[in-house]
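J.: heads up, no residue letters with this:
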């Protein structure tokens with residue numbers, strides 16, 4: 001397949017919108033990560049997403065809208081808590097799960113009777129949805145299991161020749177996928193942490209719980225309620241181990257671990273400004289918010305540099321800690337050392 005690379009001119013956004021409207025696939029930037037978009041009303045187009053990514057068909061997609069009123073077109077009902085999220089946090093890096101109308105195919109929702117809905121803040125994403133004339137179903141625009149793309153070059157590496165078009169809209173601002181809150185049950189539950197934190201929601205009077213599976217994976221026979229809950233995610237080629245705790249203890253433990261690495265290229269993802277001998281060092285930033293923005297790009301860079309073993313420092317510093325831990329633990333396949 002010949003993949004077109006577009007910039008963000010009105011003409012090129014219009015061409016990408018036409019591709020989606022006609023059943024094709026186009027990758028596009030959002031404030032969180034790049035998405036791989038298809039018409040949310042087309043079962044056949046959704047199947048193309050799963051095929052391009054190598055994504056399990058029971059892993060639901062998120063439907064992106066460009067207007068709050070569109071939510072009423074695809075959701076059966078909107079509880080008061082969901083309306084509060086829509087009013088206070090949309091557009092923005094948050095997704096709500098509601099009971100769906102039949103206009104949304106089961107292929108999009110992984111066979112569930114619920115639909116995940118997001119109104120992105122990114123201007124290019126909003127322009128594309130408007131140009132397409134339909135809501136856009138989109139997971140992250142990477143090969144299934146790989147770190148999510150936060151730069152156009154990441155999408156090009158994974159998706160070139162697999163999809164119809166890629167819109168190069170620069171780097172993503174948040175760096176991790178949207179927060180997902182499930183409003184389809186008795187009480188709202190955060191299924192995936194992201195750019196809107198638990199504290200953000202509580203401070204605005206939205207009473208939510210945190211799902212037990214955020215720092216682990218759902219069982220093999222359990223249907224995932226949202227993307228990222230069940231299958232291998234965010235993993236580079238390198239083997240990742242998270243070392244978590246107080247800064248000085250984390251540094252000393254990683255130095256000890258590096259002494260035990262023989263015959264392989266090691267790397268350290270640091271947030272403690274530490275120096276390590278015999279390791280490729282990349283900075284995640286000094287805060288958890290910076291860590292979230294830099295994480296996926298750093299994991300991909302380690303692969304580009306030929307790093308085979310990565311030790312990731314982690315210290316809890318702000319409200320983004322849960323979102324970072326969620327991605328790190330999955331990238332490390334739960335290889336976590338607490339010190």
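T.: Received, thanks. Everything quoted here is computed from the prediction, not taken from an experiment.
J.: going forward, measure contacts and count neighbours with C-alpha atoms only.
T.: Noted.
J.: mind listing the helices for the chain?
T.: Taking DSSP state H, the helices of the chain run over residues 10-21, 43-53, 69-74, 80-89, 106-109, 123-132, 152-159, 198-203, 247-259, 288-304, 321-331.
J.: out of those helices, which is closest to residue 313?
T.: Residue 313 lies closest to helix 247-259 among those, at 6.6 Å (Cα to Cα).
J.: distance of the spatially most central residue of the chain relative to residue 233?
T.: Centroid-nearest residue in the chain, with Cα atoms, centre = their mean: residue 177, separated by 2.9 Å. Here residue 177 is placed at a distance of 12 Å from residue 233 (Cα to Cα, to the nearest Å).
J.: and stretch 172-192, what's buried?
T.: Of the residues in stretch 172-192, those buried by neighbour count under the rule 16 or more other Cα atoms under 10 Å are 172-184, 188-192.
J.: to clarify, my last question referred to stretch 236-246.
T.: For stretch 236-246, burial by neighbour count (16+ other Cα under 10 Å) applies to 236-245.
J.: what mean pLDDT does stretch 190-209 get?
T.: Taken as a whole, stretch 190-209 carries a mean pLDDT of 96.
J.: how far does it sit from its chain's centre?
T.: 17 Å (Cα atoms, centre = their mean, to the nearest Å).
J.: give me the number of residues near residue 324?
T.: 22 (other Cα atoms under 10 Å).
J.: just so I have it, where are all the strands in the stretch 51-200 of the chain?
T.: Secondary structure of the stretch 51-200 of the chain (DSSP state E, counting those that start in this stretch): strands at 62-64, 94-99, 114-118, 136-138, 165-167, 179-182, 189-192.
J.: list the contacts of the fifth one.
T.: The list of residues contacting strand 165-167 from outside it, by Cα atoms under 8 Å, 6 or more residues apart in numbering, reads 3-8, 13, 16, 25-29, 152, 155-156.
J.: burial measure for residue 11, as a count.
T.: The number of residues packed near residue 11 is 12, by other Cα under 10 Å.
J.: rewinding a little: I'd like the helices of the chain laid out as TSV, including distance to residue 314.
T.: Putting the helices of the chain into TSV (distance: least, Cα to Cα, whole Å) gives the following:
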stretch	distance to residue 314
helix 10-21	39
helix 43-53	29
helix 69-74	37
helix 80-89	28
helix 106-109	34
helix 123-132	32
helix 152-159	24
helix 198-203	19
helix 247-259	8
helix 288-304	9
helix 321-331	8
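J.: tell me the most buried of those?
T.: Among the helices of the chain, ranked by average contacts under mean count of other Cα atoms under 10 Å, first place goes to helix 106-109 (a mean of 25).
J.: residue 135 reaches residue 65, doesn't it?
T.: Yes: using Cα atoms under 8 Å, residue 135 makes contact with residue 65 at a distance of 5.0 Å.
J.: who touches both of those two?
T.: By Cα under 8 Å, 6+ apart, residue 135 and residue 65 have these common neighbours: residue 129.
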